[in-house]
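Peer 1: sharing a model prediction with you, sequence too.
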Amino acid sequence: MRWQGQQLGTADASALPGLESLNSLVQSVSTPEFAEMTFHEVLCKSALNHVPGSSAMPFDWTVNPYRGCSHACSYCFARGTHEYLELDAGRDFDSQIIVKVNVADVLRRELNRSTWQQEPVMLGTNTDPYQRAEGKYQLMPEIASALTEAGTPFSILTKGTLLRRDLPLLKDAADSVRVSIALSIAVFDDQLQKLIEPGTPSTAARLATVRAAADAGFRVTVFLMPIIPHLTDSIAVIDHALHEIRAAGAVRVVYGALHLRPGAKQWFMQWLENEHPELVSSYLGLYPGVSANAPKGYRSWLAKRVRPLMRVHGLDGYAEDDHPRGAPVSGLAARSRVVTTSRGRAAAGATLF
């Protein structure tokens, strides 16, 4: 891997955050309870990641305690980030997990700087903070506590049911800062779900997590993403998904068509060739060459299906394309500032949203 053979203490400015030098690697761990997985424990130099201004993401700051993800979603847009480490975007991304074991301590230092403006922070934008590794390393409680103590609002997006472990902590945090919770649930057919995202909790388990978060007082958002052409984009499938989402207690849906970014595209197309070869030619038409996004015509067609059904089911929401860079986004760590006290802490009584 890239860090092997690197001189001790030599920084690499182009490295992924937290992997700038060899002396960040503590150890690599394989254990029987995580079969066929290896955790590479590293000491990160930074925890807060600033989102580039050129990005379409509607937030400015993220924290990513892990790189790689055991959820093994064949479509995951983050797969390409593993290639810098001289790991592949396929099996290695699913099984070679980078763990920033000191991320909470580094985060506390960064949040205590006088220059920190208590801007909202998003968790779960790259790889899932509640993937299986979190059960072993338990990084999220300290991350959430650090953000809360610094008066910093934050949002969590996850497919992981381990979120339920931290709901009491998150509910307490929401007394001081704005906290939002979103679950990603893309596939409501059990057989397809096991094929396309084999490492994720079941759809039923994630819906139960939505219910648990709603019962704790959160206005939960569900990311119905990606909607997969020819597999999950029929009216019947979308209607069923929205019915289940509403029944679980969610109030908002964000939806969008499948993205196939470099790294993910090759892996997904290999999956498609194996599982649905009859769809390969159609996908080559929808995502020709290096195209990562479904064409505008398809996205407009999809919106005409989803939006009326959202109204039928009494769900607020929007398409991911509806919010340009800088626009506030309900259910995420939007870019607006939280009101603070004279001590620099967030005012108590912030709304769960």
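Peer 2: Everything's here; your move. Numbers count the residues shown, from 1 in each chain.

Peer 1: against residue 70, how distant is residue 28?
Peer 2: Between residue 28 and residue 70 the distance is 15 Å, computed by CB to CB, to the nearest Å. For the C-beta atoms, the positions are set from N, CA and C on the backbone; glycine is no exception.

Peer 1: brain fart, residue 240
Peer 2: For residue 240, the distance to residue 70 - CB to CB - is 27 Å.

Peer 1: do residue 76 as well
Peer 2: Distance, residue 76 to residue 70, using CB to CB: 11 Å.

Peer 1: okay, residue 240 and residue 70: which has more neighbours?
Peer 2: Using other CB atoms under 10 Å, the more surrounded residue of residue 240 and residue 70 is residue 70, with 23 against 15.

Peer 1: and the more buried one, what element?
Peer 2: Counting by DSSP states H and E, no helix or strand carries residue 70.

Peer 1: confidence score at it?
Peer 2: We have a pLDDT of 94 for residue 70.

Peer 1: what do you get for residue 329?
Peer 2: pLDDT, residue 329: 53.

Peer 1: again, but for the one 10 residues further on
Peer 2: Note for residue 339: predicted pLDDT of 38.

Peer 1: what sits against residue 275?
Peer 2: Residues near residue 275 by CB atoms under 8 Å, 6 or more residues apart in numbering: 195, 196.

Peer 1: make it 6 Å
Peer 2: Residue 275 sits next to residue 195 when contact means CB atoms under 6 Å, 6 or more residues apart in numbering.

Peer 1: ok, it to residue 194 distance?
Peer 2: Distance, residue 275 to residue 194, by CB to CB: 11 Å.

Peer 1: now swap in residue 75 and tell me
Peer 2: Here the criterion is CB to CB. By it, residue 75 lies 14 Å from residue 194.

Peer 1: who's more crowded, the two?
Peer 2: Under the neighbour definition other CB under 10 Å, residue 75 and residue 194 were set side by side, and residue 75 has more, 21 against 14.

Peer 1: against residue 308, how distant is the more buried one?
Peer 2: Distance of residue 75 to residue 308, given as CB to CB: 26 Å.

Peer 1: now residue 286
Peer 2: From residue 286 across to residue 308, the span is 23 Å (CB to CB).

Peer 1: higher neighbour count, those two?
Peer 2: Shown here are residue 286 and residue 308; by other CB under 10 Å, residue 286 has more neighbours (19 against 12).

Peer 1: model confidence for the more buried one, exactly?
Peer 2: The model reports residue 286 with a pLDDT of 97.

Peer 1: any idea how far it is from residue 207?
Peer 2: Taking CB to CB, one finds residue 286 at 29 Å from residue 207.

Peer 1: show me the contacts for the residue most central in space within the chain.
Peer 2: By CA atoms, centre = their mean, the chain has its centre lying nearest to residue 124, at 3.1 Å. Neighbour list for residue 124: 156, 157, 158 [criterion: CB under 6 Å, 6+ apart].

Peer 1: which of those ranks first by neighbour count?
Peer 2: Neighbour-wise, the contacts of residue 124 (other CB under 10 Å) top out at residue 156, 27 neighbours.

Peer 1: give me the three-state assignment for residue 318.
Peer 2: Secondary structure assignment for residue 318 (DSSP: H, G, I helix; E, B strand; the rest coil): strand.

Peer 1: please renumber the chain so that the first residue is 6 from this point on.
Peer 2: That works, and once the first residue is 6, the last one we named lands at residue 323.

Peer 1: count residues in the vicinity of the nearest residue to it once chain neighbours are set aside, would you?
Peer 2: Among residues not flanking residue 323 along the chain, residue 259 sits closest, at 6.4 Å (CB to CB, 6 or more residues apart in numbering). Using other CB under 10 Å, residue 259 is surrounded by 23 other residues.

Peer 1: quick check, residue 259 in a strand?
Peer 2: Yes: assignment of residue 259 by three-state DSSP places it within a strand.

Peer 1: that one against residue 229, yeah?
Peer 2: No: Residue 259 lies out of contact with residue 229 (CB atoms under 6 Å); the separation is 7.0 Å.
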